[in-house]
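> Would you be able to build a 3D model of this:
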Amino acid sequence: MRPAYLSAARHLQLGREYAVEGEGRRALRAYQDALDLLRTLPPERTRDVLLAHIHLAFYQTLTLGGDTRAGQTHLHLGVSYARTTRDPLARAIAEECLSGLETVL
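Purely as a prediction, here's the structure:
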């Protein structure tokens, strides 16, 4: 299982790098690869923490691309995983996403 977690984390890292470089489609593909990999694994804290980060990154990338509607599902899932895992970094990212949403609304 550890190699799967490392691969998923690498996809997340690549996706974030692509997003920063303005390559939204490549970023979304990397995130999707990570999600596909993690969905094959049984529930566990490490998997759920990674899912929180990936869903929140998905949301942020979609929002930057102007597709806020598609990002809502990822925001909901990311916040949910962040709350249940109690991962401090995931929770901070989720709060930032939610506060950004409140200022837009």
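> Run a quick neighbour tally on Ala27.
26 (other Cβ atoms under 10 Å). Every residue, glycine included, has its C-beta placed from N, CA and C.
> for it, what are its contacts?
Ala27 sits next to 14-19, 57, 61 when contact means Cβ atoms under 8 Å, 6 or more residues apart in numbering.
> Make a ChimeraX selection of whichever of the residues you listed turn out to be buried.
With 16 or more other Cβ atoms under 10 Å as the criterion, this ChimeraX line picks the buried residues out of the contacts of Ala27:
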select :14,15,16,18,19,57,61
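> Can you name every helix or strand that the helix or strand bottoming out on mean pLDDT in the chain contacts?
Least confident helix or strand of the chain, by mean pLDDT, DSSP states H and E, is helix 88-104 with a mean of 79. Secondary-structure packing of helix 88-104 (3 or more Cβ pairs under 8 Å, 6 or more residues apart in numbering; DSSP states H and E): helix 45-64, helix 68-85.
> who wins for proximity to Glu96 among those helices?
Nearest to Glu96, of all the helices and strands packed on helix 88-104, is helix 45-64, at 8.8 Å by Cβ to Cβ.
> Show residues contacting the closest one.
5, 8-9, 11-12, 15-16, 19, 24, 27-28, 31, 34-35, 38, 41, 68, 70-72, 74-75, 77-79, 81-82, 84-85, 87, 89-90, 93-94, 97, 100.
> Check which residues of it are buried.
46-63.
> Over to stretch 69-84?
Neighbour-count burial for stretch 69-84, counted by 16+ other Cβ under 10 Å, picks out 71, 74-75, 77-79, 81-82.
> Turn the contacts of Ala27 into JSON lines, columns for pLDDT and secondary structure.
Below are the contacts of Ala27 laid out as JSON lines (pLDDT from 0 to 100; DSSP: H, G, I helix; E, B strand; the rest coil):
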{"residue": "Leu14", "pLDDT": "97", "secondary structure": "helix"}
{"residue": "Gly15", "pLDDT": "96", "secondary structure": "helix"}
{"residue": "Arg16", "pLDDT": "95", "secondary structure": "helix"}
{"residue": "Glu17", "pLDDT": "96", "secondary structure": "helix"}
{"residue": "Tyr18", "pLDDT": "96", "secondary structure": "helix"}
{"residue": "Ala19", "pLDDT": "93", "secondary structure": "helix"}
{"residue": "Ala57", "pLDDT": "95", "secondary structure": "helix"}
{"residue": "Thr61", "pLDDT": "93", "secondary structure": "helix"}
